[in-house]
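> quick one: sequence and predicted model below, then my questions.
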Amino acid sequence: MIPAAFDYLAPTTLDEAVALLDRHGGQAKVLAGGQSLLPLLKLRLGQVGLLVDLGRVPGLEYIKEEGGFLRVGAATRESALERSDLVRSKYPILVDTAAVIADPLVRNRATVGGNLAHGDPANDHPATMLALGATVVARGPKGERTIPIEQFFTGLFSTALAANEILTEVRIPVPPPGSGGAYLKLERKVGDFATAGAAVQLVLGSGSRIEKVGIGLTAMGEVPVKATDAEASLRGKTPDPKVLAEAARLAARAANPTVDRRGSVEYKREMARVLTERALRRAIERAGGKR
Amino acid sequence: MSSHSIRVSVNGAAHEATVDARYLLVHLLRETLRLTGTHIGCDTTHCGACTVLLDGEPVKSCTVLAVQADGRDVMTVEGLEQGGKLDPVQEGFWQEHGLQCGFCTPGMLMTSYALLKRNPDPSEGEIREAISGNLCRCTGYVNIVKSIQYAAAKRHAEVS
């Protein structure tokens, strides 16, 4: 399969890339790893006038802690995230996530920024970034702005990025002591999109009370779901089985999945409940020092 | 539609070509360079039959534009054999009956080759994880795993 014809430019600076997007408006699309975009173009589910390839723009692949944040360059490959010692030691939720995105070959190309900017509610990073309370950095003709992840997903395959903006970085608050996180995904086979997925990141304070918690759900609606009622039900509580079960029930209530070959609405909502409860348990274990 | 002059190193040899922007890397290899060892299977980023190494990393060449490979190194299954001698992964697939119909084999070989470069001593679990993006339509995974284990042992023997 060959995509419909398009023009292609590979700028070598970010400013040049932004200028190209600005000039071509809605006709242009950013190409990063291409593991979602190229299949979509090949299947002719979409068409573009111009691809602006970020592959020749240096300085967009990095993973570092700085100023209280884990800063991940938008073009960082999923395989790099998965193998990073820093990520493996302090951000197990991100290792969980990277390890279940598509397959290892795709992860050698696929980027963290692309996984978010594609705006697909069935992608895996949106839920984990919602749980982590991440911020994304966007660069446009007027400079840089930051967008809280809760405001980033505006609709199916739609994000808060303007046509002339490029996602350049994801910022994740460095987890304080007592933190734990986990991402669980139910998939029919390797490489499939999630039937359901649940991400949890929390902080246990004194007396093992839950001080802070974020919960994100994958493939549970037109946009990635932040389970705010479930989060609120957990704050300040000691995580006994009853509390966790109630939070999972509330998370499932926030889910609004659609029926497809992966299952019925009822089944998917139930899986969201089960995965949320399990992710909560694993996050709590990890907060207590278990890997 | 834009057309681009590219220079790609394939199995160590420099090639120049002029390609349309939408031309895929797998087409460059198979049709322009006539390196037909790389197969097109599903053509939808699932099966891994088209796996080649791009700057040393295994990728699905049906999901990379030829123009994205400009200035980069590509290695295909044709590049495994050196001076008439099979690479250990090729020998492993031969000795351990790692193929039935053979369609997935070029992709399996390239993924295995890259795995053993990165991790010379993989566990069975790590092998299965590494080839989880390569589908064998004959379902011959048991022997494929054995083939990769054979290759790992052979590489160790060659080093020592």
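It's in.
> buried sites along stretch B:66-81?
By neighbour count on 16 or more other C-beta atoms under 10 Å in any protein chain shown, the buried set for stretch B:66-81 is B:66-70, B:72, B:74-80. Every C-beta, even on glycine, is put in place using the N, C-alpha and C of the backbone.
> for it, give me every contacting residue.
Applying C-beta atoms under 8 Å, 6 or more residues apart in numbering or on different chains, the contact partners of stretch B:66-81 are A:8, A:10, A:31, A:34, A:53, A:55, B:4, B:6-12, B:17, B:19, B:21, B:23-25, B:27-29, B:35, B:37-38, B:52-56, B:86-87, B:89-90, B:105-106, B:109-110, B:113.
> just the CA trace of it, in CSV.
Taking Å, rounded to 0.1, in the frame of the first residue of the first chain, the C-alpha atoms of stretch B:66-81 are listed here in CSV:
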residue,chain,number,x,y,z
ALA,B,66,12.6,5.7,1.9
VAL,B,67,13.4,9.4,2.2
GLN,B,68,13.6,9.0,6.0
ALA,B,69,16.5,6.6,5.4
ASP,B,70,18.5,9.3,3.6
GLY,B,71,22.0,9.3,5.0
ARG,B,72,21.4,6.3,7.2
ASP,B,73,22.7,2.7,7.3
VAL,B,74,20.3,-0.1,6.4
MET,B,75,21.1,-3.8,6.8
THR,B,76,18.9,-6.4,5.2
VAL,B,77,18.9,-10.2,5.3
GLU,B,78,21.3,-10.2,2.3
GLY,B,79,23.9,-8.5,4.6
LEU,B,80,24.0,-11.3,7.1
GLU,B,81,26.3,-13.8,5.2
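> doesn't A:F157 make contact with A:D120?
Yes: A:D120 is in contact with A:F157 according to C-beta atoms under 8 Å; the separation is 6.2 Å.
> who has more neighbours out of the two?
A:D120 (21 against 15; other C-beta atoms under 10 Å in any protein chain shown).
> quick one: the more buried one from A:S158, how far?
10 Å (C-beta to C-beta, to the nearest Å).
> next: B:A152.
Relative to A:S158, and taking C-beta to C-beta, B:A152 is found at 47 Å.
> show me which of those two is the more surrounded one.
For B:A152 versus A:S158, neighbours defined as other C-beta under 10 Å are more numerous around B:A152 (21 against 12).
> excluding covalently adjacent residues, which one is nearest to the more buried one?
B:L116 (5.8 Å; C-beta to C-beta, 6 or more residues apart in numbering or on different chains).
> residue contacts, the one you found?
Residues in contact with B:L116 (C-beta under 8 Å, 6+ apart) are B:88-89, B:122, B:148, B:151-152, B:155.
> do the same with A:A287
A:178-180, A:202-204 are the contacts of A:A287 under C-beta under 8 Å, 6+ apart.
> in strands only, show me those.
Judged by DSSP state E, strands contain the following of the contacts of A:A287: A:179-180, A:202-204.
> number of nearby residues for the residue nearest to A:G263 when sequence neighbours are not counted?
Once flanking residues are discounted, A:G263 sits nearest to A:T195: 5.6 Å by C-beta to C-beta, 6+ apart. Neighbours of A:T195 under the rule other C-beta under 10 Å: 22.
> ok, A:T195 touching A:L184?
No: using C-beta under 8 Å, A:T195 is not in contact with A:L184, being 11.4 Å away.
> confirm B:V8 sits in a strand?
Yes: with DSSP: H, G, I helix; E, B strand; the rest coil as the criterion, B:V8 is located in a strand.
> just give the nearest non-adjacent residue to it, would you?
Per C-beta to C-beta, 6+ apart, closest to B:V8 is B:A69, 5.0 Å.
> could I get the phi/psi values of that neighbour?
Backbone torsions for B:A69, taken as degrees, to the nearest 10, come to phi -90, psi 0.
> which residues touch the residue of chain A found nearest chain B?
Using C-beta to the nearest C-beta, the closest approach of chain A to chain B is made by A:D103 at 2.9 Å. By C-beta under 8 Å, 6+ apart, A:D103 lies in contact with A:190-191, B:48, B:132-133.
> spell out which parts of chain A neighbour chain B.
A:1-10, A:31, A:34-35, A:38-39, A:41-43, A:51, A:53, A:55, A:79, A:102-106, A:108-109, A:190-191 (C-beta under 8 Å from any C-beta of the partner chain).
> so which of these belong to strands?
Among these, DSSP E puts A:7-9, A:31, A:51, A:53 in strands.
> who wins on neighbours among those residues?
Neighbour-wise, these (other C-beta under 10 Å) top out at A:L51, 25 neighbours.
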